[in-house]
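1. The following comprises the amino acid sequence and a computationally predicted model.
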Amino acid sequence: MPNIADNLKHIHHQIQQITKNVGRNSDEITLLAVSKGQPAEAIQKAYEQGQRHFGENYLQEALEKQLQLSDLTNITWHFIGPLQSNKTRKVAENFDWVHSVDRIKVAERLNRLRNGHPTPLNVCLQVNINNEESKSGLLVKEAGEVAHAVAKLPNLKLRGLMAIPKKNQSDSEQRASFKAVAQLLSKLKNGSPQLATLDTLSMGMSADLEAAIAEGATIVRVGTAIFGPRL
Ligand SMILES: *Cc1c(COP(=O)(O)O)cnc(C)c1O
């Protein structure tokens, strides 16, 4: 197994360096450890190093690991994968965050199924920032309407935006994509009092951390740089 403790140290150090270089405070960044395709033991190892936020893409896999790890207290579970309607119940019941909401209908289902839970479900809207044809996520022009609808749902707490920019972009293209997400968040916040409390930009993965943090990421989603290659 790769050395998860060393990898985590290295990433925390990297985040320190990057935030320092761009004049941000490293406290503003939450490291989300993306554990899809990794065994429960890998999550346990990261937990022992103090890691508490974990991200999963596949519901069945996630539920199995949550069950195996149910003794670990204070884990915050994030669902970051594509979300079909038939998965909304289990996601609403077993996660603290969902980063991949891109339809009002799915948000309404999550809201209904979260009813009775002690805390609202934290939600980010996934934005298809490079207008890629096969990619999930809202178009920029749809974001305002969906954000307003989601912000009204009482069992959801709309936190901000998530994006996965196009693969294989140059550094400057990456920066431009992340900047566009950040600008969209500002526009939503400034455009409407109901959206003024949005505080989250979920962007940046193992390969593009630096550009994402430079453009304002508050949650970085890191998988392979912590856990090594997936199964
Ligand atoms: C898998 C995945 C990640 C992590 O990617 P790495 O390149 O392994 O860091 C982040 N975000 C999403 C949405 C993912 O599906």
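-> Received, thanks.
2. Distance-wise, check the closest residue to residue 104 other than its chain neighbours relative to the ligand.
-> Using Cβ to Cβ, 6 or more residues apart in numbering and skipping the chain neighbours, the partner closest in space to residue 104 is residue 149 (4.8 Å). For glycine as for every other residue, the C-beta is placed from the backbone atoms N, C-alpha and C. Separation of residue 149 from the ligand (Cβ to the nearest ligand atom, to the nearest Å): 23 Å.
3. what's the burial count for residue 149?
-> Look at residue 149: counted by other Cβ atoms under 10 Å, it has 15 neighbours.
4. change the start of the numbering to 56 and stick with it
-> Fine by me, first position is 56 from now on; the one you just mentioned is residue 204.
5. so who does the residue of the chain found nearest the ligand touch?
-> At 2.6 Å from the ligand, residue 278 is the closest residue in the chain, using Cβ to the nearest ligand atom. Shown in contact with residue 278 (Cβ atoms under 8 Å, 6 or more residues apart in numbering): 88-93, 110, 260-261, 285.
6. Can I get those in JSON lines including distance to residue 157?
-> Below are the contacts of residue 278 laid out as JSON lines (distance: Cβ to Cβ, whole Å):
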{"residue": "88", "distance to residue 157": "23"}
{"residue": "89", "distance to residue 157": "19"}
{"residue": "90", "distance to residue 157": "22"}
{"residue": "91", "distance to residue 157": "19"}
{"residue": "92", "distance to residue 157": "23"}
{"residue": "93", "distance to residue 157": "25"}
{"residue": "110", "distance to residue 157": "17"}
{"residue": "260", "distance to residue 157": "18"}
{"residue": "261", "distance to residue 157": "23"}
{"residue": "285", "distance to residue 157": "24"}
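7. These: which ones sit near the ligand?
-> Among the contacts of residue 278, the ones lying near the ligand by Cβ under 6 Å from any ligand atom are 89, 91, 260-261.
8. between these, which has the most around it?
-> Compared across those, residue 89 has the highest neighbour count, 25 neighbours, by other Cβ under 10 Å.
9. so who does that one touch?
-> Under the criterion of Cβ under 8 Å, 6+ apart, the neighbours of residue 89 are 109-112, 135, 260, 276-278, 281-282.
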